[in-house]
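In: I'd like to go over a predicted model; first the sequence, then the structure.
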Amino acid sequence: MKASGLKRRVLLQGGSVALLLGLHEIARGATIMAVRVWPAADYTRVTIESDGRLSSQQLVVGSPPRLAVDITGIELNPALRELVGKIKPDDPFINGLRVGQFAPGVVRIVFDLKQAVAPQVFSLAPVAAYRDRLVLDLYPQQAIDPLEALIAERLRDAPKTPGRDTAAAPEPAVDPLGDLMAQQSARPTPPVSVTQANRPSAPVGPLPMPMPPVASAPPPAPATANRGATASQTDRIIIVALDPGHGGEDPGAIGSNGTREKDIVLQIAHRLRTRINASSVNGNPMRAYLTRDADFFVPLGVRVQKARRVQADLFVSIHADAFTTPEARGASVFALSQGGASSSAARWLANKENQADKVGGVNVGNHEVQVQRALLDMSTTAQINDSLKLGGAMLGEIRGIGARLHKPKVEQAGFAVLKAPDIPSVLVETAFISNPEEEAKLRSTAYQEDLADALMRGIQSYFAQNPPLARSRQL
């Protein structure tokens, strides 16, 4: 009996020790696994990945501009200290940062800022290869206007005549896009929302921030209506929005040799941009606008908003397909579908691409995001018909460079990124990055050049049959 009682006491003591250890682990909180920084002209994203959900509060200080973020329930560890060395000198928003143990169980990160920011701080649940993530998005207080960015880029790239007398006033050149910009600036200033200038200067606690700010404007006149226009009416610059898929936190598909979709499609988009900027349609200059021109994440809805804001004539989203087996191969072109997908494969791919916001990380915890997406969910028959024409022209040119096609015709499915009601929009899957042979092709400069040539000829072929209309002056 004594031996039995001793055994019970040992077991009870062991249980108490186990319980104490469990309480200690709970008190310890989450452990930081990794930190990442994604600087871009649009915004800078800081991601803190951990093995449990993090709780935080933030404080914005105006002069000099700083942002303090307190993360509770954690201790400072080497992974979090690495954040200091990840800030680049050319970051548009962050000048530097300090990180330290502010109090027991509280780590404070202080960002020294280059300009005033409108921060978004939110959490993301585990998805794909990621654990829990705390995301800090630093946006400029004044939202970047994509039309202004396009104008600035065009002026920067304009050729300068050596030795020209700059003192003499030259004849003003006809610049339809500049005319649009002048008219835009003459519009009455829209009411300022809480997401911009009248945001409290020193908010405390997680703020329910909206979608990344994008300058708004009434929608342009539909580019798909009244196709009876002649080429002589196109007295303006023709804008093609190029949309390199994924980016930043979202690498897209990854090949067996480590090739990341987000890198390949950005390279192809840069090559295509060069061709577009050097081309014209019936004497009217063309200009490419990239929804992202570097390695950062852009939500699907914002990609569409950007294209509409610059009144793009076409929207081309560039991707590199992947499947569960390496045997799948071939390029594809997709247009939007108002109904069901044209095939089970198209439906599967659309569902996969539409998950990009979850992987890339969007703050969806507010009503405004849902409203913005609902407004873009207004596809029209005319837009889809023109998208099919554009897709058909591109598919024919891709076939012409000897590339294998996954399907011989343009497929359709409910891709969120193609839901611009007034812009012919296609999604090009350049090849299967999950196929080792096609992965090698995608890494090849020669194949990227050939593909950019094919897409450019497809765009020109489309415009030859469907000349763009005179752009609406109603901004």
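Out: Arrived safely.
In: What ranges does the stretch 1-150 of the chain have for its helices?
Out: With helices called from DSSP state H, counting those that start in this stretch, the stretch 1-150 of the chain shows them at 2-28, 78-81, 146-157.
In: lowest-confidence stretch among the ones you listed?
Out: Confidence, taken as mean pLDDT, is least for helix 2-28 of these (a mean of 39).
In: quick one: strands adjacent to the strand or helix carrying residue 428?
Out: Here residue 428, judged by DSSP states H and E, is contained in strand 425-432. Using DSSP bridges, strand 425-432 pairs in its sheet with strand 314-321 (parallel), strand 332-336 (antiparallel).
In: quick one, which of the ones you listed is nearest to residue 434?
Out: Minimum separation from residue 434 across these (CB to CB) falls at strand 314-321, 7.4 Å. For glycine as for every other residue, the C-beta is placed from the backbone atoms N, C-alpha and C.
In: Dump the strand holding residue 428 to CSV, keeping only the CA atoms.
Out: Extracted C-alpha coordinates of strand 425-432, given in CSV (Å, rounded to 0.1, in the frame of the first residue of the first chain):
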residue,chain,number,x,y,z
SER,A,425,-8.6,42.3,-70.4
VAL,A,426,-6.7,39.0,-70.8
LEU,A,427,-4.6,36.8,-68.6
VAL,A,428,-1.6,35.2,-70.3
GLU,A,429,-0.1,32.0,-68.8
THR,A,430,3.3,32.1,-70.5
ALA,A,431,4.2,28.4,-69.8
PHE,A,432,4.0,25.8,-67.0
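In: continuing past it, what's the next helix or strand?
Out: Where DSSP H and E defines the elements, the next helix or strand beyond strand 425-432 is helix 436-443.
In: after that following helix, next one along is what?
Out: Trace forward from helix 436-443 with DSSP H and E and the next one is helix 445-465.
In: Compute the inter-axis angle for that following helix and helix 436-443.
Out: Relative orientation of helix 445-465 versus helix 436-443 (axes from the mean of the first three to the mean of the last three CA atoms, to 10 degrees): 70 degrees.
In: measure stretch 430-441 end to end?
Out: One end of stretch 430-441 sits 10 Å from the other (CA to CA, to the nearest Å).
In: go on, stretch 295-304?
Out: 18 Å.
In: for stretch 336-344, same thing?
Out: One end of stretch 336-344 sits 15 Å from the other (CA to CA).
In: and what of stretch 43-61?
Out: This stretch, stretch 43-61, spans 19 Å end to end (CA to CA).
In: ditto for stretch 118-138
Out: Using CA to CA, the two ends of stretch 118-138 sit 6 Å apart.
In: and what of stretch 124-144?
Out: Length of stretch 124-144, first residue to last, CA to CA: 25 Å.
In: measure residue 397 to residue 450 for me?
Out: In this view, residue 397 and residue 450 are 10 Å apart by CB to CB, to the nearest Å.
In: Make CSV out of the strands paired with strand 425-432 and add mean neighbour count.
Out: Formatted as CSV, the strands paired with strand 425-432 follow (neighbours: other CB atoms under 10 Å):
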stretch, mean neighbour count
strand 314-321, 27
strand 332-336, 26
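In: could those strands be laid out in TSV, adding distance to residue 133 and mean pLDDT?
Out: Formatted as TSV, those follow (distance: least, CB to CB, whole Å; pLDDT from 0 to 100):
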stretch	distance to residue 133	mean pLDDT
strand 314-321	24	95
strand 332-336	30	93
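In: for the strand holding residue 428, what is the average pLDDT?
Out: Averaged over strand 425-432, pLDDT sits at 94.
In: list the buried ones in stretch 117-129?
Out: For stretch 117-129, a neighbour-count test (16 or more other CB atoms under 10 Å) marks 117-124 as buried.
In: from the chain's centre, how far out does that stretch sit?
Out: Relative to the centre of its chain, stretch 117-129 is centred 14 Å away, using CA atoms, centre = their mean, to the nearest Å.
In: Surely residue 356 touches residue 246?
Out: Yes. Using CB atoms under 8 Å, residue 356 is in contact with residue 246, at 6.1 Å.
In: Need the residues touching each of the two.
Out: residue 252 (CB atoms under 8 Å, 6 or more residues apart in numbering).
In: since we're on residue 77, how many residues are nearby?
Out: Residue 77: 12 surrounding residues under other CB atoms under 10 Å.
In: Wait, it touches residue 33, no?
Out: No. Residue 77 is beyond contact range of residue 33, at 9.6 Å (criterion: CB under 8 Å).
In: What's the first helix or strand after the helix or strand where residue 397 lies?
Out: In this assignment (DSSP H and E), residue 397 forms part of helix 381-400. Note on helix 381-400: by DSSP H and E, the next helix or strand toward the C-terminus is strand 411-413.
In: Contacts for that next one, please.
Out: With contacts defined as CB under 8 Å, 6+ apart, strand 411-413 is touched by 332-337, 341-343, 345-347, 349-350, 384, 388.
In: And the furthest pair within those?
Out: 345 and 384 (19.2 Å).
In: if you count what's nearby, which of those two comes out ahead?
Out: Taking other CB under 10 Å, residue 345 and residue 384 do not tie; residue 384 has more neighbours (20 against 17).
In: The nearest residue to the more buried one once chain neighbours are set aside: what's it in contact with?
Out: The spatially closest residue to residue 384, leaving aside those adjacent along the chain, is residue 336, at 5.5 Å (CB to CB, 6 or more residues apart in numbering). Taking CB under 8 Å, 6+ apart as the criterion, residue 336 is in contact with 379, 383-384, 387, 412-415, 418-419, 425.
In: Convert the helix holding residue 397 to PDB, retaining C-alpha atoms only.
Out: The C-alpha coordinates for helix 381-400 follow below in PDB (Å, rounded to 0.1, in the frame of the first residue of the first chain):
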ATOM      1  CA  THR A 381     -20.600  41.400 -72.700                       C
ATOM      2  CA  ALA A 382     -18.800  44.000 -74.900                       C
ATOM      3  CA  GLN A 383     -15.700  43.900 -72.700                       C
ATOM      4  CA  ILE A 384     -15.600  40.100 -72.800                       C
ATOM      5  CA  ASN A 385     -16.100  40.000 -76.600                       C
ATOM      6  CA  ASP A 386     -13.200  42.400 -77.100                       C
ATOM      7  CA  SER A 387     -11.100  40.500 -74.600                       C
ATOM      8  CA  LEU A 388     -11.700  37.300 -76.600                       C
ATOM      9  CA  LYS A 389     -10.500  39.200 -79.800                       C
ATOM     10  CA  LEU A 390      -7.400  40.400 -78.000                       C
ATOM     11  CA  GLY A 391      -6.700  36.900 -76.600                       C
ATOM     12  CA  GLY A 392      -7.200  35.300 -80.000                       C
ATOM     13  CA  ALA A 393      -4.700  37.700 -81.600                       C
ATOM     14  CA  MET A 394      -2.100  37.000 -78.800                       C
ATOM     15  CA  LEU A 395      -2.700  33.200 -78.900                       C
ATOM     16  CA  GLY A 396      -2.000  33.200 -82.700                       C
ATOM     17  CA  GLU A 397       1.200  35.100 -82.200                       C
ATOM     18  CA  ILE A 398       2.400  32.800 -79.400                       C
ATOM     19  CA  ARG A 399       1.800  29.800 -81.700                       C
ATOM     20  CA  GLY A 400       3.800  31.600 -84.300                       C
END
